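S.K.: Pasting the sequence and the predicted coordinates here, then a few questions.
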Amino acid sequence: MTKAFLPQMKARNHGHIVTIASALGLFTTACVEDYCASKFGAVGFHESLAHELRAENHDGIKTTLVCPYIVDTGMFSGCEIRKEIRNLIPPLEPLYTVQQSMKAILGEQEMICIPRIMYIAFIARALLPWEANVVAYRFMGGDKCMMPFIKNAETKTSGGHIQSS
């Protein structure tokens, strides 16, 4: 889509490119490596494009990177962080996610993490040593949060029957 529209946007120095990624494009979790890699790719694409537009002085073309936490659509049904923290970071309601995203887009905000507490994990990943991030990750339950989701997905794909290897 970007290749289709970007040349005309550049010619007019006008437009807005929105990249919908995920909080899992800023930091990772176990068992969904392919998903995390695709979201990291979306974030990298967005950042590179934003730098290109600035380098070429296309200040009329805006960019917004949207990185929501888990949106309660059923996609990651079964994913659970540590019980004591679930109330602090519950799955996001779809309407709330859309409202926050649109507010950021219309306000020409360059990046939005939904909820805002996700900025802490993003900043911590960048500033703290690897070992400190691992400790925080395990404390939050990030090392095992996708395991119930994977188990649910495997059960669904086996028709409800447990498959043996």
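M.R.: Here it is on my side, so go on. As the structure is a prediction and not an experimental result, all values here were calculated from the model. Residues are numbered from 1 along each chain as shown.

S.K.: average pLDDT across the longest helix along the chain?
M.R.: Secondary structure of the chain per DSSP state H: the longest helix is helix 33-55. Averaging pLDDT along helix 33-55 gives 97.

S.K.: Check which residues of that helix are buried.
M.R.: Within helix 33-55, the residues scored as buried using 16 or more other Cβ atoms under 10 Å are 35-36, 39-40, 42-43, 46, 49-50, 53. Using the backbone N, CA and C atoms, a C-beta is placed for each residue, glycine as well.

S.K.: With stretch 98-116 instead?
M.R.: Those would be 100-101, 104-105, 109, 111-115, for stretch 98-116 by 16+ other Cβ under 10 Å.

S.K.: ok, now stretch 148-160?
M.R.: F149.

S.K.: can you give me how far it is from the chain middle?
M.R.: How far stretch 148-160 lies from its chain's middle: 23 Å, per Cα atoms, centre = their mean, to the nearest Å.

S.K.: Same check on stretch 90-99?
M.R.: 13 Å.

S.K.: C-alpha coordinates for that stretch, CSV please?
M.R.: The C-alpha coordinates for stretch 90-99 follow below in CSV (Å, rounded to 0.1, in the frame of the first residue of the first chain):
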residue,chain,number,x,y,z
PRO,A,90,-6.1,-6.0,31.2
PRO,A,91,-6.8,-6.8,27.5
LEU,A,92,-7.9,-3.7,25.7
GLU,A,93,-11.5,-3.2,24.6
PRO,A,94,-11.5,-2.8,20.8
LEU,A,95,-13.5,0.4,20.8
TYR,A,96,-11.1,2.0,23.3
THR,A,97,-8.2,0.9,21.2
VAL,A,98,-9.7,2.5,18.1
GLN,A,99,-10.5,5.7,19.9
